[in-house]
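Q: what follows is a predicted protein model with its sequence.
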Amino acid sequence: MAGRCLFPKTLSTHDMEGKVVIIGGGAAGMEAAGQLARAGCNVTLLEKQSLTGGHVRNWYHLFPDKRDSMEVIEYLEKHIAHKNISVLTGTSVEDIRRKHGSIVVKASDGREFDADAVVLSTGFDLFKSERKEEYGYGIYDNVITSADLELMFRKGEIKRHDGAVPQKIGIVHCVGSRDEKAGNLYCSKLCCVAAVKQAMEIKGYIESARVFCFYMDMRMGGAHYEELYRESQEKFGINYIRGKVSEVSENINSKLVVKVEDTLAGRPLKMELDMLVLMAGMEMSEGGRIIAENADLKTGENRFFAPADHHFGSNKGNMKGVFYAGTCTAPMNITETISHARAAVADVIYYLKEGKS
Amino acid sequence: MEKFGFSILKERHIDYDANDKSIAEYISEREPSFRICIECGCCTATCTTGNFTSFSLRELQILIKRGENDKVRDNIKKCMLCGKCTLVCPRGVNTRNVVTLAREAFENEIENAV
Amino acid sequence: MQFDPFIIPFEIGLYSIVIYAVVRSVMWFRDLSKQDKLRLQRGFFGRSFGRSIREIFMESLIHRKILKANPRLGYMHMSLAFGWFLLILFGTLEADIFGSSHLNPPYKAIFFKFFNPDHGRTGFEAVWSFIMDFLLAFILSGLILAIIKRVSSRVVGMRKTTKLKPLDKVALISLWTIFPSRLLAESFTSGAYGTGSFLTGSLGSWLASFLPANEMAYPFWWLYSLSLGTFFVLLPLTRYMHIPTELFLIFARNSGITTGDKAGAFTEMQIYSCSSCGICIDACQLNFSTGITNIQSAYLLKGIRNGDNINDISFNCLMCGRCDQKCPVGIELTPIRMIRRRAGETHPVEKKLLERYFPDKPAVQLPKANGKPSYNFLPAIEPGQADVVYFAGCMTHLTPSIRNAMISILDASGVKYKFIDENGGVCCGRPLMLAGQDKEARELINFNSQLILRSGASTLVTSCPICYKVFRESYYLNVEVLHHSQFIRNLIDDGSLKLNFLRKKVAYHTPCDLGRGSGVYDEPKDVLRYVSRLQATDADDENSLCCGGSLGNMKISYHQKHKIATDAAAILTKDNPDILATACPLCKKTFASATKTKVADIAEIVAEAIVQPNPVRNVADTQSTPLHSQMPLSTV
């Protein structure tokens, strides 16, 4: 059935040819590639890194059901193992241009790819926590990020820099999110639930550990998030302190000292910790930014790609034939990313069939 | 009506409707960033004055917003204006100007009363 | 006796301005403090007299500083001031040499042509006429520039020019009328008598060819006299007061009188010496980064002169001192603003003089006093004993890398020191001073002073230029106060700190309170040159920019601060340095979010360069951080 667009049936029962270039081989790009290929399109998937999978590879267990992220990677990899898909890793894109009804995708090594439609799934970068200097990332050895902690989980051991097992661990929410000084006014949406998940997971490794989450608001809006939050208190004894950490210092015993106001108790609180985890927020990826700049694609105040319409066009860009999938438009979890990618596929197919002229 | 004696004690509640919100209005008119505080407490945590005495800018400004001015009047004078809170505030509240305006507003209150 | 009624307006104007100048000078002199009176007397009859005369010639007439800063604007000022001066000088000589008698009253020189219409026919007289015509042409060329500047300030190379009040406009029009009316009056007279040189002669004979020159001349002589008279009468009430005041100011300044921290006659002289040239507006980052164009020093001084409520103006300023540096009259603008801020606390002192002599002037709207803070909660703290005490400063606690770098530098150099605000200290007091609350700042100053005195230290090192400035200027301590850049330089000089050379290109940002505020320019650069490749920037030394984070400004929003920071960082990193170095925790924090270039304090760069077995990890080099950031993958 090569070359025939089978999906979705309501859109097309006729043969349909279409060359689609997908930029970014994370969850969104891989899902979109698989769906488009099965619909009969010719897909080229460009990935900057040497492996597809994106950020999902960096996580260990996923919220809310603690599934191993490798299961998601396996699903996505199977999904793109399709004869209509050619995956080009190690290829980063610099620019896209419309040319005589089609689109030219320019890679930074000079190669050019012609496409009838382009899906941008350039994803996000984690906020660089060094930018919040007062939290001491890169200055104090035992201040780590949520991504560093996931690596520790996968390695199977959580250790301080000096090799000791941390007994008192703090988790700082909203690092680089909801913070004008960090240049990001928006909420990254996932850090709260990720912090809850990580706090529980720490307890799985170090049963005696005491874990403290420092939060401004607990944003538990997703499916099963609130239940997870409750479970973390009930079964794991995680402590929640409402207040944004203002400063971190290191004392003579190389313990970290955090300064925070316990806003609910109404008093400043000082606490010694063995380890501090920073929940780094999500930012528009550098790769996405470069494309947006060169190709004049609209971005929002949050610097992510600005879709054509919040309600009806969340996958459409301001350039004809360019579609967005996943976290290049806003912070999303994996479930939402995959759904968003599928929605992009529907838009692409409709465009190839009806809207191209 | 019969009184049962378990209504809220007058001192316990914030009588929002009766309270004087003019100080809050004075500040937010002149320093609109006063409105965008989310009570994260960062300012209080980093506060130089807070090292020595009970001074919480977060608390004082929410009290001003609720019109509980009597609890603020003297406390607001303890600020040293060092500006650390301005640097850490995630919302970009111009805290130094908020403090200065609050002091100004209380001072005007006294002058007008005389 | 040569006389004509048309000279009356001129005479009234001239004598009123002379009387006013004398009275005002006496007032100012009387208002000076005893020491300043002595200084002025000594200065006037001493060596500085020559200096003052030279400065008056160079600055008030030639306008050398404006010429240097902006040649077109300078030419405009020079042609009007110096040209007019020469015209008067040569006119007086002309009247003296060629007139009917010697030592003539001024009007004879000013209206020489009217009374001697036949003058200028023969050799020497013709040469003289040529000189007079040439000077008039010189002035007129400047006048044309001035008119164009009013219409479009960009023509003279200015982005902004000051706005005028109504009386200023009348004075301006009368000033503009003076020279064209003189030109026409002299031309008509010359036309009627067939005299005059290349300008008045040619114009005169051309006008006479189709107009009754003799009859036409008289009204223009009236106009000339009227415009002169109007200008002189209005002068004390308008910004043109700066012309006579500047002379007095120059004498006072050269006698060693400074603004200090209290208002008085010298401050008032400075306020009236401002010509509203607008150079301060061009220099101001609030203007060119955030588009705020109504708070600059020219407006501050104008507001003070007019008795306006300028509370918002005086507090909306970064206090960076860029305008002080650029002011062609050399007015100490930032100290005057500081006085003004304090005035909100006490009394608008700079109005005292005027109030005393013109009691019926509309009362100044007093800025509202701030609620008085009180710091009686401060505890007694017993510091340890040490030769060197290190005071990191509040802001440094938000930049732990600077604090850590200083500790490793102090440790590596074997200095015996005490870190007096290790667990947080009391503010140095300068932020309160910047908010105009000096008395309250004193409480904090006293607290810190006692702490430092009790430590028995002989050297006080601080990482924060804000603290440094106030320690030096407002603390009465018998210790050597050093900014850490100076301290590090000393350590390098005496060999106690061994450093490697880092192969990094560094651009240095001079913090306002360290550079213009305290005159420390070289030490930080010496240190940087010692450990790295220091690049020159477009904003070095006195020209340095404010990072935007200044505690001096109480009014602007975070967005505006960020805009200033972004613009400044772009200028500083134009040549793509590896590191944007600064010497202030506040500058560092402000710049860190405004540029992609790595921002580091001098102390961090030095700490990274320390020769030791276990090199210090430093933010200046992300590769050396552990584990962090090695995200194996990320999407495109």
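A: Nice, I can see it. Only a predicted model underlies this, so the values are computations on that prediction, with no experimental measurement involved. Numbers count the residues shown, from 1 in each chain, chains lettered A, B, ... in the order given.
Q: and the pLDDT for whichever residue of chain B sits closest to chain A?
A: With CB to the nearest CB as the measure, residue B:41 is the residue of chain B nearest to chain A, at 3.0 Å. From N, CA and C alone the C-beta is placed, and that goes for glycine too. As predicted, residue B:41 sits at a pLDDT of 96.
Q: go on, residue C:146?
A: pLDDT, residue C:146: 88.
Q: quick one: secondary structure of it?
A: helix (DSSP: H, G, I helix; E, B strand; the rest coil).
Q: and it, what does it touch?
A: C:76, C:80, C:176 (CB atoms under 8 Å, 6 or more residues apart in numbering or on different chains).
Q: the first one touches residue C:145, doesn't it?
A: The reference is to residue C:76. Yes: Residue C:76 is within contact range of residue C:145, at 4.2 Å (criterion: CB atoms under 8 Å).
Q: with neighbour numbers in mind, choose between those two.
A: Using other CB atoms under 10 Å in any protein chain shown, the more surrounded residue of residue C:76 and residue C:145 is residue C:76, with 25 against 19.
Q: what residues are up against residue 191?
A: As the question left the chain open, I've gone with chain A. A:146, A:173, A:174, A:175, A:177, A:279, A:280, A:281.
Q: that's the wrong chain, I wanted chain C
A: So residue C:191 contacts C:203, C:204, C:205, C:206, C:207, C:208, C:211, C:213, C:217 (CB under 8 Å, 6+ apart).
Q: in helices only, show me those residues.
A: C:203, C:204, C:205, C:206, C:207, C:208, C:213, C:217 (DSSP state H).
Q: state the pLDDT value of residue 12.
A: Using chain A here. So residue A:12 comes in at 41 (pLDDT).
Q: my question was about chain C, not that one.
A: pLDDT, read off for residue C:12, is 94.
Q: cool, residue A:15 as well?
A: pLDDT, residue A:15: 43.
Q: now do residue C:354
A: 50.
Q: from residue A:47, how far off is whatever residue of the stretch 51-200 of chain A ends up closest to chain C?
A: Closest contact between the stretch 51-200 of chain A and chain C, by CB to the nearest CB, is at residue A:123 (3.4 Å). Relative to residue A:47, residue A:123 is positioned 10 Å away (CB to CB, to the nearest Å).
Q: coming back round to it: wait, the residue of the stretch 51-200 of chain A closest to chain C sits on residue A:26?
A: Yes: contact criterion CB under 8 Å: residue A:123 and residue A:26 qualify, at 4.7 Å.
Q: joint contacts of the two?
A: Joint contacts of residue A:123 and residue A:26 (CB under 8 Å, 6+ apart) are A:54, A:55, A:326, A:327, C:635.
Q: looking at the contacts of residue C:191, spot the one nearest chain B.
A: Each of the contacts of residue C:191 was scored against chain B by CB to the nearest CB, and residue C:203 proved nearest at 58.9 Å.
Q: chain neighbours aside, what residue packs nearest to that closest one?
A: Leaving aside its chain neighbours, residue C:203 sits nearest to residue C:187 (4.2 Å; criterion: CB to CB, 6 or more residues apart in numbering or on different chains).
Q: give the buried residues for the helix or strand containing that neighbour.
A: Element membership of residue C:187 [criterion: DSSP states H and E] is helix C:166-193. Buried residues in helix C:166-193, counted by 16 or more other CB atoms under 10 Å in any protein chain shown: C:168, C:170-172, C:174-193.
Q: again with stretch A:222-239
A: Applying 16+ other CB under 10 Å to stretch A:222-239 flags A:222, A:225, A:228, A:229, A:232, A:236, A:238 as buried.
Q: up against chain C, what does the stretch 251-357 of chain A have?
A: For the stretch 251-357 of chain A, the contact set with chain C under CB under 8 Å from any CB of the partner chain comprises A:285, A:287, A:288.
Q: out of the residues you listed, who's nearest residue C:390?
A: residue A:285 (42.2 Å; CB to CB).
Q: test my guess that that closest one contacts residue A:124.
A: Yes: counting by CB under 8 Å, residue A:285 sits close enough to residue A:124 to count as a contact (5.5 Å).
Q: what residues does chain A put near chain B?
A: So far as CB under 8 Å from any CB goes, chain A lies against chain B at A:134, A:174, A:178-182, A:216-217, A:242-247, A:259-263, A:266-269.
Q: and for the residue in the stretch 251-357 of chain A that chain B sits nearest to, the neighbour number?
A: Nearest residue of the stretch 251-357 of chain A to chain B: residue A:261, at 3.0 Å (CB to the nearest CB). Residues within reach of residue A:261, counting by other CB under 10 Å, total 30.
Q: and it, which of the three is it?
A: strand.
Q: surely residue B:34 is in a strand?
A: No: counting by three-state DSSP, residue B:34 is not part of a strand but helix.
Q: against residue B:99, how distant is it?
A: Using CB to CB, one obtains 10 Å as the distance from residue B:34 to residue B:99.
Q: those two: which is more packed in?
A: residue B:99 (28 against 23).
Q: correct me, but that one touches residue B:81?
A: Yes: between residue B:99 and residue B:81 there is a contact under CB under 8 Å: 6.6 Å.
Q: tell me both backbone torsions, phi and psi, for the residue of chain B closest to chain A.
A: Backbone torsions of residue B:41, given as degrees, to the nearest 10, read phi 80, psi 0.
Q: now do it against residue A:146, distance only.
A: Look at residue B:41 and residue A:146: by CB to CB, they are 22 Å apart.
Q: the two: which is more packed in?
A: Using other CB under 10 Å as the criterion, residue B:41 and residue A:146 rank with residue B:41 on top: 30 against 25.
Q: show me the contacts for that one.
A: A:242, A:243, A:244, A:260, A:261, A:262, A:263, B:56, B:58.
Q: is chain A contacted by the lowest-mean-pLDDT helix or strand in chain B?
A: One helix or strand of chain B scores below all others by mean pLDDT, DSSP states H and E: helix B:95-113, with a mean of 87. No: contact of helix B:95-113 with chain A (CB under 8 Å from any CB) is absent, the minimum separation being 12.3 Å.
Q: that helix: how far from the chain's middle?
A: Mean C-alpha position of helix B:95-113 versus that of the full chain (CA atoms, centre = their mean, to the nearest Å) differs by 11 Å.
Q: so where's the chain shaky on pLDDT?
A: I went with chain A, as the question did not name one. A:1-16, A:356-357 (pLDDT under 70).
Q: um, chain C though
A: C:1, C:153-163, C:344-373, C:612-636.
Q: flag every residue of it that's near chain B.
A: Residues of chain C lying near chain B (CB under 8 Å from any CB): C:368-375, C:377-379, C:394-395, C:397-398, C:423-427, C:431-432, C:434-435, C:437, C:444, C:549, C:551, C:554-559, C:586, C:589.
Q: close to chain A: what parts of the stretch 401-550 of chain C are there?
A: C:401, C:404.
Q: what ranges does the stretch 401-550 of chain C have for its helices?
A: Under the criterion DSSP state H, counting those that start in this stretch, the stretch 401-550 of chain C contains helices at C:430-434, C:438-455, C:465-474, C:484-493, C:522-531.
Q: SS state for residue B:58?
A: Classification of residue B:58 by three-state DSSP places it in helix.
Q: pretty sure it sits against residue A:264.
A: No: in this structure, residue B:58 is not within contact of residue A:264 by CB under 8 Å, at 11.3 Å.
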